[in-house]
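K.L.:
Predicted model and sequence below, questions to follow.
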2 protein chains.
Amino acid sequence: MQQIIDFILELDKLKGVTRKVRPLGLERYENSAEHSWQLALAAVSLAHYAASPVEINRVIGMLLVHDIGEIDAGDVMVYAEGGWVERKAAELAAVTRIFGLLPDPQGARFLALWQEFEDAQTPEARFAHAIDRAMPVLLNLANGGQSWRENGISHERVVGRIGPPIQAGCPALWDYLEARLADMHRRGWCGVQE
Amino acid sequence: MQQIIDFILELDKLKGVTRKVRPLGLERYENSAEHSWQLALAAVSLAHYAASPVEINRVIGMLLVHDIGEIDAGDVMVYAEGGWVERKAAELAAVTRIFGLLPDPQGARFLALWQEFEDAQTPEARFAHAIDRAMPVLLNLANGGQSWRENGISHERVVGRIGPPIQAGCPALWDYLEARLADMHRRGWCGVQE
């Protein structure tokens, strides 16, 4: 029991890992724990739009654990250039440590979910990636592009970086986002030079 | 699609609903969105200690949605006296509104999960309640009883209020907590007069 409690308390640290987008109406930045919660519910709500039928419970499991490596490795914006190999190695070391706090088989189960998400090969993992990529876009479309403005991200970089994974996992969601992004672009892209 | 997006963005408001306990090592108060995320993973980790076998996916679903009524009704500490009937009515109105943003059948599915949690009759709901009650206790045991000290909550009130539901849903967890709470009591209960 103590091992499990240690794991649960270790999870608390993800509440302190901040991302680049702010929750709507709040001044502070979003953290990776509340982000993971929202992703799980977004995935359930959008499941019938997945590119191919998915076992939604595995999608939920992946989304709940996919950011836990950030407890040791921190969050890096998807638009960051380079350093991804080192970053992925750091995250794997982190989740090996953190899920290793748990007795098996549960530790191994969480690690398998995390790895399935990373590999992005199954329909469930692709759909989970689409939701993960789409969520900050939805928030930026609703808040005038706050995190894109603060980080100098152009329309072209958004479309180029998040278009393919969203299209692969949830094409109808990408159709929606692409039209909204094009509209934002037409009206003057949140002040970033392109 | 727009209805679903509206629902997902509405969920953002739960990130702004603050609770009484602070995440370990942080100055700010915990919010109900990150709390719900942690509960889901805690439930998976403790599932084999449930009072009777549970369908863990329904437990996860309940824990992810159980606090959404707080978007309109706010969070109230479990030790609050009175006002529970009005509060439950306000939460039901809130979730009816919020899940009603979604097309059926998904809106109805979320509402059914929320109601199952509220009714606390199934093994899954009882286990989910045990996890929900235990989580702030675990944080208080790890941070010197911060939210009990700030709100003048005695050992007796903690044990009386959260003991029965945790015992009913996850007896081994209650055995663990009861011993830890008794130990804290012996060493001088975080400064609150009893």
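P.N.:
Yep, that arrived. All values reported here derive from a predicted model rather than from experimental measurement.
K.L.:
ok now do the residue most central in space within chain A, which residues does it touch?
P.N.:
Centroid check for chain A by C-alpha atoms, centre = their mean gives A:Asp132 as the closest residue, at 3.4 Å. Each residue near A:Asp132 by C-beta atoms under 8 Å, 6 or more residues apart in numbering or on different chains is listed here: A:39, A:63, A:66. All C-beta spots, glycine's among them, are computed from the backbone N, C-alpha and C.
K.L.:
What segments of chain A are helices?
P.N.:
A:2-11, A:32-46, A:56-65, A:70-73, A:84-99, A:106-119, A:123-142, A:146-151, A:155-169, A:171-186 (DSSP state H).
K.L.:
B:Val159 is nearest to which of the ones you listed?
P.N.:
helix A:2-11 (18.2 Å; C-beta to C-beta).
K.L.:
quick one: that closest one to helix B:123-142, angle?
P.N.:
80 degrees (axes from the mean of the first three to the mean of the last three C-alpha atoms, to 10 degrees).
K.L.:
Pull out the buried residues from helix A:2-11.
P.N.:
Residues of helix A:2-11 classed as buried: A:4-5, A:7-11 (neighbour count, 16 or more other C-beta atoms under 10 Å in any protein chain shown).
K.L.:
Export these as TSV, with columns for distance to B:Leu138 and pLDDT.
P.N.:
Shown next, in TSV, are the buried residues of helix A:2-11 (distance: C-beta to C-beta, whole Å; pLDDT from 0 to 100):
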residue	distance to B:Leu138	pLDDT
A:Ile4	10	98
A:Ile5	6	98
A:Phe7	11	98
A:Ile8	6	98
A:Leu9	6	98
A:Glu10	12	98
A:Leu11	11	98
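K.L.:
Format those residues as TSV; extra columns: distance to chain B.
P.N.:
Converted to TSV, those look like this (distance: C-beta to the nearest C-beta, whole Å):
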residue	distance to chain B
A:Ile4	5
A:Ile5	6
A:Phe7	6
A:Ile8	5
A:Leu9	6
A:Glu10	9
A:Leu11	5
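K.L.:
Quickly name whichever of these is closest to A:Ala90.
P.N.:
Closest approach to A:Ala90 among the buried residues of helix A:2-11 (C-beta to C-beta): A:Glu10, at 16.5 Å.
K.L.:
For that closest one, list the residues it contacts.
P.N.:
A:Glu10 is in contact with A:71, A:98, A:101, counting by C-beta under 8 Å, 6+ apart.
K.L.:
residue ranges with poor pLDDT in chain A?
P.N.:
A:191-194 (pLDDT under 70).
K.L.:
count of neighbours near A:Glu156?
P.N.:
For A:Glu156, the number of neighbouring residues by other C-beta atoms under 10 Å in any protein chain shown comes to 12.
K.L.:
err, A:Arg180, not the other one
P.N.:
Counted with other C-beta under 10 Å, residues neighbouring A:Arg180 total 16.
K.L.:
ok, it touching A:Ala142?
P.N.:
No - using C-beta atoms under 8 Å, A:Arg180 makes no contact with A:Ala142, being 9.9 Å away.
K.L.:
The nearest residue to A:Arg126 once chain neighbours are set aside and chain B: what is the separation?
P.N.:
Ranked by C-beta to C-beta, 6 or more residues apart in numbering or on different chains and with sequence neighbours excluded, the top spatial neighbour of A:Arg126 is A:Gly169, at 4.0 Å. Distance of A:Gly169 to chain B, computed by C-beta to the nearest C-beta, to the nearest Å: 15 Å.
K.L.:
Hmm, A:Gly169 is touching A:Ile131, no?
P.N.:
Yes - A:Gly169 is in contact with A:Ile131 according to C-beta under 8 Å; the separation is 7.4 Å.
K.L.:
Can you check which residues contact both of the two?
P.N.:
The overlap between the contact sets of A:Gly169 and A:Ile131 (C-beta under 8 Å, 6+ apart) is empty.
K.L.:
re earlier: of the contacts of A:Glu10, just say which sits nearest to A:Thr122.
P.N.:
Using C-beta to C-beta, these come closest to A:Thr122 at A:Ile98, 22.7 Å.
K.L.:
So what's the residue count around that closest one?
P.N.:
A:Ile98 has 24 nearby residues by other C-beta under 10 Å.
K.L.:
for A:Lys88, same thing?
P.N.:
Residues near A:Lys88, counting by other C-beta under 10 Å: 13.
K.L.:
Find the nearest non-adjacent residue to it, please.
P.N.:
Closest to A:Lys88 by C-beta to C-beta, 6+ apart is A:Glu118, at 7.2 Å.
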